[in-house]
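> how would this look folded up:
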Amino acid sequence: MNPTRQTPDMKVVAVVTANELRERIRSKSKLKGRQADEASLAEVRALIGPRPADGHHRDMLIEHLHQLNDAYRCLHARHLVALAKEMNIPIVEVYEVATFYHHFEVLKDGEAAPGLTVRVCDGLACELAGAQDLLARLPALLGAQEVRVVAAPCVGRCEQAPAVVVHQYPVPFATVETVIHALNSGYAQHPRAQGATLFIAHGYSEKSVSPPPPQHQVAPAYAGYDVYRANGGYALAASDLASEEGVERLITAMEDSGLRGLGGAGFPAGRKWRIVRAQPAPRVMAVNLDEGEPGTFKDRTYLERDPHRFLEGLLVAARVVDAQACYVYLRDEYHGCRAILQAELARLQADPPCPLPHIELRRGAGAYICGEESAMIESIEGKRGEPRMRPPYIAEVGLFGRPTLMHNFETLYWIRDIVEKGPHWFSSFGRNGRNGRKGLRSFSVSGRVKHPGVKLAPAGITLQELVDEYCGGMAEGHQLYAYLPGGASGGIFPARLANLPLDFDTLQPHGGFIGSAAVIVLGQHDKARDAALNMMRFFEHESCGQCTPCRVGTAKAAQLMQAEQWDNTTLEDLSQVMTDASICGLGQAAPNPVRCVQKYFAHEIGGGL
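Next up is the predicted model:
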């Protein structure tokens with residue numbers, strides 16, 4: 001056949017044979033790039049289940065990555081390719097999500113899968129308790145090939161410092177011997193934490209609490225569904241909350257109580273309900289149980305003992321704003337809490353006291369930035385946990401593009417008590433009415449105190465009172481030198497400021513804030529500059545990298561802070577840029593410890609500003 005022919009307008013065009021056309025179609029139908037092999041596809045399908053009729057939902061990507069990571073203790077490249085094909089997602093998207101989160105380790109073809117991972121917390125409280133010694137000694141004792149020892153940022157067990165996590169099992173008050181015993185035993189036993197007063201405060205007896213599920217030794221005993229219902233639980237959630245009158249009564253109670261967001265931002269709960277309820281339906285709800293701020297462990301402590309008090313608060317808030325679905329975002333380090341929530345959610349759904357919204361439990365994957373509300377939403381949607389630019393705010397355009405009510409765990413935990421006992425019950429607490437302080441605060445106290453732990457105390461209490469009255473004083477051989485009132489972000493104050501009221505809005509004039517009330521106490525043998533460097537290294541490690549001021553600023557600051565004498569001029573330039581130009585609160589708050597050291601501990605760094 002002649003390959004060309006003349007057309008009436010004298011243009012030459014190609015004439016394609018039928019065989020040539022079929023070959024071109026076959027060529028274009030072949031996907032470019034690496035293709036999934038059948039063995040890897042079968043392994044992925046065995047874990048994530050068969051493909052639904054409407055396909056695997058994009059927001060389940062991180063959950064499916066967890067399933068692979070749990071099964072193989074790593075993410076093989078061949079499995080990522082298979083997962084991309086099964087979920088119909090570009091491979092590059094799967095890869096960029098998998099490599100964003102610290103708890104996922106992506107291996108190239110041919111790389112050996114890691115053995116058991118031992119994570120040694122190097123957060124400030126654990127560093128004070130000897131974590132660096134564990135990091136130095138454990139690798140040689142455990143064997144570099146069979147067991148991998150790595151430093152990990154705060155794992156939320158500061159009252160049990162130094163804390164080590166063997167695979168998914170915590171070893172509190174860790175020593176070389178207890179870590180080795182945990183490895184030899186196959187798991188790490190979780191001792192019953194000191195928390196009897198939390199049971200008694202809500203009317204439970206010690207004999208009524210549920211034992212941990214037998215397959216989850218990391219979960220302590222707690223008040224289960226039957227015990228909670230027997231003590232009046234879910235009566236509030238089952239009451240008439242649908243009427244405008246009932247809704248208004250609840251919102252007013254929250255407003256009158258003075259309850260503010262207890263995750264750190266402190267936004268009034270009642271006002272938040274009004275804002276979200278005013279948005280067009282459908283609405284959704286998200287719960288921040290990531291609790292990644294170094295020094296914070298209050299949410300874990302409450303959840304390990306009374307999970308249904310939180311779940312009832314969730315149901316009440318969801319019904320007030322008419323949220324059709326609720327997503328609980330739990331930090332991955334809290335494996336015992338996940339076991340509890342999975343078991344108790346199943347019991348609640350099997351015997352619901354009222355109509356339930358759709359409730360999903362989602363796992364974080366080791367990213368502090370996901371404590372920021374918009375980054376958390378991105379993560380729930382199966383993406384990298386990078387903060388969004390605002391406006392729009394998530395109350396207007398949030399999870400899946402819908403108006404979203406975001407709450408911290410502890411905020412929801414107090415709803416039942418406030419409604420049943422009256423808003424005045426909550427607002428009546430406050431240390432001597434100082435500066436109008438009212439309400440209760442759950443302080444996570446760690447460091448150089450005799451009795452660390454969660455201390456439920458009146459708002460406006462001072463650090464000195466908190467240590468003396470709730471912590472049994474300073475630890476033996478230590479005198480108060482400094483303290484961090486709000487974890488890594490809240491600054492570092494000297495002992496002479498130990499009589500400031502600890503509450504929202506009281507510490508800002510001094511260069512700090514209370515945040516999630518993570519109090520870390522330093523003694524006279526410690527240095528504030530070392531604490532500040534520990535925090536800056538944490539920020540460097542946890543920066544999502546989206547914006548240059550935070551990504552570069554935290555790394556450069558950590559480098560400069562290692563000098564015996566600080567270059568205060570350059571550090572202040574970095575601090576100002578991070579504060580002014582960072583997208584989210586991580587970069588904006590990272591300079592707080594630096595500036596506090598320059599202001600209050602100039603003798604440690606060769607002079608202040």
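
> where does this structure have low pLDDT?
For the chain, applying pLDDT under 70 flags the ranges 1-16, 21-31, 144-145, 186-219, 242, 432-436, 607-609.

> where exactly do the strands run in the stretch 451-600 of the chain?
Assigned by DSSP state E, counting those that start in this stretch, the stretch 451-600 of the chain shows strands spanning 453-458, 480-484, 493-494, 518-523.

> what's the first one packed up against?
Judged by 3 or more CB pairs under 8 Å, 6 or more residues apart in numbering; DSSP states H and E, the packing partners of strand 453-458 are helix 298-303, strand 440-447. The way it works is simple: take the backbone N, C-alpha and C, and place the C-beta from them, glycine included.

> okay, buried residues for that strand please.
453, 454, 455, 457, 458 (16 or more other CB atoms under 10 Å).

> quick check: the first one vs residue 418, distance?
When distance is defined by CB to CB, to the nearest Å, residue 453 is 24 Å away from residue 418.

> tell me the centre residue of the chain?
residue 290 (1.9 Å; CA atoms, centre = their mean).

> and that one, how far is that from residue 185?
The gap separating residue 290 from residue 185 is 29 Å, by CB to CB.

> same question for residue 39.
Remark: distance between residue 39 and residue 185 (CB to CB) = 34 Å.

> next one: residue 318
Applying CB to CB to residue 318 and residue 185 gives a distance of 41 Å.

> more neighbours, those two?
Neighbours of residue 318 and residue 185, each counted by other CB atoms under 10 Å, are more numerous for residue 318; the result is 26 against 12.

> which strand or helix spans that one?
Using DSSP states H and E, residue 318 sits within helix 307-321.

> using PDB, write out every CA atom in that helix.
The C-alpha coordinates for helix 307-321 follow below in PDB (Å, rounded to 0.1, in the frame of the first residue of the first chain):
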ATOM      1  CA  PRO A 307     -12.600   6.600  77.800                       C
ATOM      2  CA  HIS A 308     -16.400   6.900  77.700                       C
ATOM      3  CA  ARG A 309     -16.400  10.200  79.500                       C
ATOM      4  CA  PHE A 310     -14.600  11.500  76.400                       C
ATOM      5  CA  LEU A 311     -16.800   9.600  74.000                       C
ATOM      6  CA  GLU A 312     -19.900  11.000  75.600                       C
ATOM      7  CA  GLY A 313     -18.500  14.500  75.200                       C
ATOM      8  CA  LEU A 314     -17.800  13.800  71.600                       C
ATOM      9  CA  LEU A 315     -21.400  12.600  71.000                       C
ATOM     10  CA  VAL A 316     -22.900  15.700  72.700                       C
ATOM     11  CA  ALA A 317     -20.700  18.100  70.700                       C
ATOM     12  CA  ALA A 318     -21.500  16.300  67.500                       C
ATOM     13  CA  ARG A 319     -25.200  16.500  68.100                       C
ATOM     14  CA  VAL A 320     -25.100  20.200  69.000                       C
ATOM     15  CA  VAL A 321     -23.400  21.100  65.700                       C
END
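
> pull the distance from that helix to the chain's centre.
Here helix 307-321 is found 20 Å from its chain centre; the criterion is CA atoms, centre = their mean, to the nearest Å.

> again, but for stretch 381-399
16 Å.

> for stretch 99-110, same thing?
20 Å.

> gap between the two ends of that stretch?
Stretch 99-110 has an end-to-end distance of 18 Å (CA to CA, to the nearest Å).

> all strands of the stretch 201-350 of the chain, in order?
Under DSSP E, counting those that start in this stretch, the stretch 201-350 of the chain gives strands at 283-289, 323-330.

> can you check which of those strands gets nearest to residue 240?
strand 323-330 (17.7 Å; CB to CB).

> I'd like to know which elements that closest one is packed against.
Under the contact rule (3+ CB pairs under 8 Å, 6+ apart), strand 323-330 is packed against strand 283-289, helix 307-321, helix 335-350, strand 358-363, helix 373-380.

> by contact count, what packs against the last one?
Using 3+ CB pairs under 8 Å, 6+ apart as the contact criterion, the secondary-structure elements in contact with helix 373-380 are strand 283-289, strand 323-330, strand 404-408.

> which one of those strands lies closest to residue 271?
Closest of the helices and strands packed on helix 373-380 to residue 271 is strand 404-408, at 11.7 Å (criterion: CB to CB).

> which outside residues touch the closest one?
Residues from elsewhere that reach strand 404-408, judged by CB atoms under 8 Å, 6 or more residues apart in numbering: 261-264, 269, 272-273, 276, 283-288, 299, 314, 317-318, 321, 323, 373, 376-377, 394-395, 398, 516.
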